[in-house]
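>>> Coordinates for the following, if possible.
(2 chains, ligands or ions: 1)
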Amino acid sequence: MSDTPPTPHAPDDNLRFKPYTAKAAWPWQDLAADRATCPVAYSAELDAVQVTSYSGVKEALLRHDALSSTYSDLWPLDEPLPEHKQVLGASDPPRHTRQRRLLVKALSASRIQHMRPFSERLADDLVDEIIATGPVFDLVTAYARRMSEGHVAELLGIPSGERDAFARMAQLFEASIEDRANHGFSAELNDWITHLTELVRSRRAGEDTGDDLITQLCLAEVEGDRFDEKEIAALIQLLAGAGISTTQQAIVNLVYLLDTHPQQRTAYLADINGLTTSLVNEGLRFDGPVLGLWRRCLKPTTVQGTRINVLDKVFPVVAAANHDPEAYDRPDEFVIDRDWSALPPHLSFGHGIHYCVGMNLALLELQVAISTLYRRLPGLRTVKGCEPRQMPGPVVRSWPTLSMEYDSPAGVRNT
Amino acid sequence: MSKRQISGESGVLSVDHTLCSGTGHCVDRLPQLFTIEHGRAWLADAAALSTVDTQHLHEVEAGCPWFAITYQPRPPAPAEESSPATPGLE
Ligand code: SF4
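Next up, the predicted model:
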């Protein structure tokens, strides 16, 4: 008898998860069917090994020694990224370890808690603006996006006069992620990268000081060596691009979930203080901002006993893991009062060394964004006839616009 | 009782609560040593340390996404037949 682990099936056209050609608005049934067929299967649609069970996704994310992130975690490149673009989620140890070590302190739970007053003020300011402009608004542009941009800009220490330009840079960077053909490095984005590099130089020269993250990155030394300017600029871009869009999506996804589950929404409105933490966890589990992430196999390995060959693309479907009945009771029901102390963690922040470094910031933002919104606009609902569409592609779960309205009078500020 | 630092024959294991973000990777790997309370990891009694292979202690240290775990192995005791250790030189 041979000990060789089995390889995944030959490319399977019958798998139902088709994020490129027929992305479903709600993919849970398709993902459940694929998990039942084979939780580690070769998908013809993805041209990759698709992993859909909770234990399989967790295992794949822990296999960073064999499943590399250097071919980008956001799209399936044929070559590794150039070295200076291998940052955080798109890097492997030891480069990844060195970068992450610099960030964890500034992004730890104990530090991020100090941002709560800023967070509450920003949420109140944005709701004030929504109230001032009338009862119909786009949740994405009027609230979720600006909440996210504001937090990242504050964390990085972007000067107040540059925050609009920073927001524009983050948008360009995101566009460059989506535009795989030419990677979208437009002249405008290049100008920003040059500007960031200059910012790094001036902070290093001591012309500018502060305890913000950019200054910390500029001055930090790890084992005697400093980051070069390009690497810091790439880190800032990544924090801006990935940090803003994901939290924005998480806010919008959760509001839309509440909107489409009126009983849960009523229960939430009756106990906003008591339920916000578990609601946010459930929102991230049920419909987090990321469907899955790319990996490239650089060393023969196995996932759930199935062999993965060198240069295979692997796509752990985080959203499928979060709906696996092996991990969660009634996985396809949105239940806002689950007891999370007794449940396995959802995998929307990933697992292992690449666990989302912005988790604490994202949780704070989400908790404050959702509780402030519903406390002040309890009659919030999507405009009749609004049927949002999902952004295409396998990585992202996002409703690009969500037209909403509310009943007057709105609640007063908390801050 | 749960602690932030324990020491035993194999060394010293500690969790830095200014960094720990309560992700639970440590509990996943070594449930006999770690628990999560109030969003932070805590260590079990020192006696539990000796039940865990040092290799696993190194792995749990490397596996913490917030670099909050430190494991310092105790240097091996001098071999018996060697001359008695000079105080102050160890
Ligand atoms: S793995 Fe690290 S961050 Fe996570 S709970 Fe344990 S000590 Fe805390």
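>>> For the spatially most central residue of chain B, give me phi and psi.
In chain B, the residue lying closest to the centroid (Cα atoms, centre = their mean) is B:Leu13, at 2.1 Å. The phi/psi pair for B:Leu13 (degrees, to the nearest 10) reads phi -120, psi 130.
>>> what sits against the closest residue in space to it that isn't next to it in sequence?
Excluding the flanking residues, the one nearest B:Leu13 by Cβ to Cβ, 6 or more residues apart in numbering or on different chains is B:Tyr71, at 5.1 Å. Backbone N, C-alpha and C define where each C-beta goes, glycine included. Counting by Cβ atoms under 8 Å, 6 or more residues apart in numbering or on different chains, B:Tyr71 touches B:Gly11, B:Val12, B:Leu13, B:Thr54, B:Leu57, B:His58, B:Val60, B:Glu61.
>>> Pull out the buried positions in the lengthiest helix in chain B.
Longest helix in chain B by number of residues (criterion: DSSP state H): helix B:54-62. Neighbour-count burial for helix B:54-62, with 16 or more other Cβ atoms under 10 Å in any protein chain shown as criterion, is recorded at B:Leu57, B:Val60, B:Glu61.
>>> cool, and stretch A:107-127?
Under the neighbour-count criterion of 16+ other Cβ under 10 Å, stretch A:107-127 has A:107-109, A:111-112, A:115, A:118-124, A:126-127 buried.
>>> What is the nearest of the residues you listed to A:Ala233?
Among the buried residues of stretch A:107-127, A:Leu107 lies closest to A:Ala233 (Cβ to Cβ), at 18.6 Å.
>>> Am I right that the closest one sits in a helix?
No. Assigned with DSSP: H, G, I helix; E, B strand; the rest coil, A:Leu107 falls outside any helix and is coil.
>>> Return the distance of A:Thr21 relative to A:Glu45.
A:Thr21 sits 6 Å away from A:Glu45, going by Cβ to Cβ, to the nearest Å.
>>> Contact distance from chain B - what residues of the stretch 301-415 of chain A qualify?
A:Pro345, A:Phe349, A:His351, A:Gly352, A:Ile353, A:His354, A:Tyr355, A:Val357, A:Met359, A:Asn360 (Cβ under 8 Å from any Cβ of the partner chain).
>>> any chance of those in CSV, plus pLDDT?
Formatted as CSV, those follow (pLDDT from 0 to 100):
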residue, pLDDT
A:Pro345, 95
A:Phe349, 96
A:His351, 95
A:Gly352, 93
A:Ile353, 93
A:His354, 93
A:Tyr355, 94
A:Val357, 93
A:Met359, 96
A:Asn360, 96
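>>> of those, list those near the ligand.
By Cβ under 6 Å from any ligand atom, no member of these lies near the ligand.
>>> show me where pLDDT drops low in chain A?
For chain A, the stretches flagged by pLDDT under 70 are A:1-4, A:7-12, A:176-186, A:207-209, A:222-223.
>>> next helix or strand past the longest helix seen in it?
Identified as the longest helix of chain A according to DSSP H is helix A:229-260. Sequence-wise, the next helix or strand downstream of helix A:229-260 (DSSP states H and E) is helix A:262-270.
>>> So which bits of the longest helix of chain A are buried?
A:229-259.
>>> again with stretch A:36-51
A:Cys38, A:Pro39, A:Val40, A:Ala41, A:Tyr42, A:Ser43, A:Glu45, A:Leu46, A:Ala48, A:Val49, A:Gln50, A:Val51.
>>> Please state the offset of that stretch from the chain centre?
23 Å (Cα atoms, centre = their mean, to the nearest Å).
>>> Residues contacting that stretch, please?
By Cβ under 8 Å, 6+ apart, stretch A:36-51 touches A:8-15, A:17-21, A:34, A:52-53, A:56-57, A:60, A:76, A:294, A:303-304, A:306, A:308, A:312-317, A:320, A:394.
>>> Mind checking which of those residues land in strands?
Within these, residues falling in strands by DSSP state E are A:Val303, A:Thr306, A:Ile308, A:Lys313, A:Val314, A:Phe315, A:Pro316.
>>> now these: which count as buried?
Applying 16+ other Cβ under 10 Å to the ones in strands among the contacts of stretch A:36-51, the neighbour count classes A:Val303, A:Thr306, A:Ile308, A:Lys313, A:Val314, A:Phe315, A:Pro316 as buried.
>>> hang on, isn't the first one packed against A:Arg63?
Yes. At 6.9 Å, A:Val303 and A:Arg63 qualify as touching, with contact defined as Cβ atoms under 8 Å.
>>> ok, back up a step: so which elements touch the longest helix of chain B?
strand B:11-15, helix B:25-29, strand B:69-73 (3 or more Cβ pairs under 8 Å, 6 or more residues apart in numbering or on different chains; DSSP states H and E).
>>> Now do the last one against helix B:54-62: the angle between them, please.
Right, strand B:69-73. The directions of strand B:69-73 and helix B:54-62 differ by 150 degrees, with axes from the mean of the first three to the mean of the last three Cα atoms, to 10 degrees as the criterion.
>>> chain center to strand B:69-73: distance?
Chain-centre distance of strand B:69-73: 5 Å, with Cα atoms, centre = their mean.
>>> likewise the first one?
Strand B:11-15 has its C-alpha centroid displaced from the chain centroid by 3 Å (Cα atoms, centre = their mean).
>>> tell me which strands and helices that strand is in contact with?
strand B:5-8, strand B:40-43, helix B:54-62, strand B:69-73.
>>> Work out for me the element the closest residue to A:Tyr143 other than its chain neighbours sits within.
Take A:Tyr143 and drop its neighbours on the chain: the residue closest to it by Cβ to Cβ, 6+ apart is A:Leu126, 5.3 Å away. Assigned by DSSP H and E, A:Leu126 falls within helix A:116-133.
>>> Residues touching the helix or strand following that helix, excluding its own?
As assigned by DSSP H and E, the chain's next helix or strand after helix A:116-133 is strand A:136-138. Strand A:136-138 is contacted from outside by A:Ile130, A:Tyr143, A:Val383, A:Thr401, A:Leu402, A:Ser403, A:Met404, A:Glu405, using Cβ under 8 Å, 6+ apart.
>>> mind redoing it with 10 Å?
Residues outside strand A:136-138 that contact it (Cβ atoms under 10 Å, 6 or more residues apart in numbering or on different chains) are A:129-131, A:142-145, A:252, A:377, A:380, A:383, A:386, A:400-406.
>>> Weed out the non-buried ones from these.
A:130-131, A:142-145, A:252, A:377, A:380, A:386, A:402-406.
>>> now, which of the residues you listed sits nearest chain B?
Ranked by distance to chain B (Cβ to the nearest Cβ), these are led by A:Ala144 at 23.4 Å.
>>> Just list the residues touching the residue nearest to that closest one when sequence neighbours are not counted, thanks.
Spatial nearest neighbour of A:Ala144, excluding adjacent residues (Cβ to Cβ, 6+ apart): A:Ile251 at 4.0 Å. Applying Cβ under 10 Å, 6+ apart, we find A:Ile251 in contact with A:139-140, A:143-145, A:147-148, A:280, A:283, A:289, A:362, A:365-366, A:369-370, A:373, A:402.
>>> can you give me the angle the one helix or strand A:Asn190 maps to makes with helix A:229-260?
Element membership for A:Asn190 (DSSP H and E) is helix A:187-204. For helix A:187-204 against helix A:229-260, the angle by the same axes, to 10 degrees is 120 degrees.
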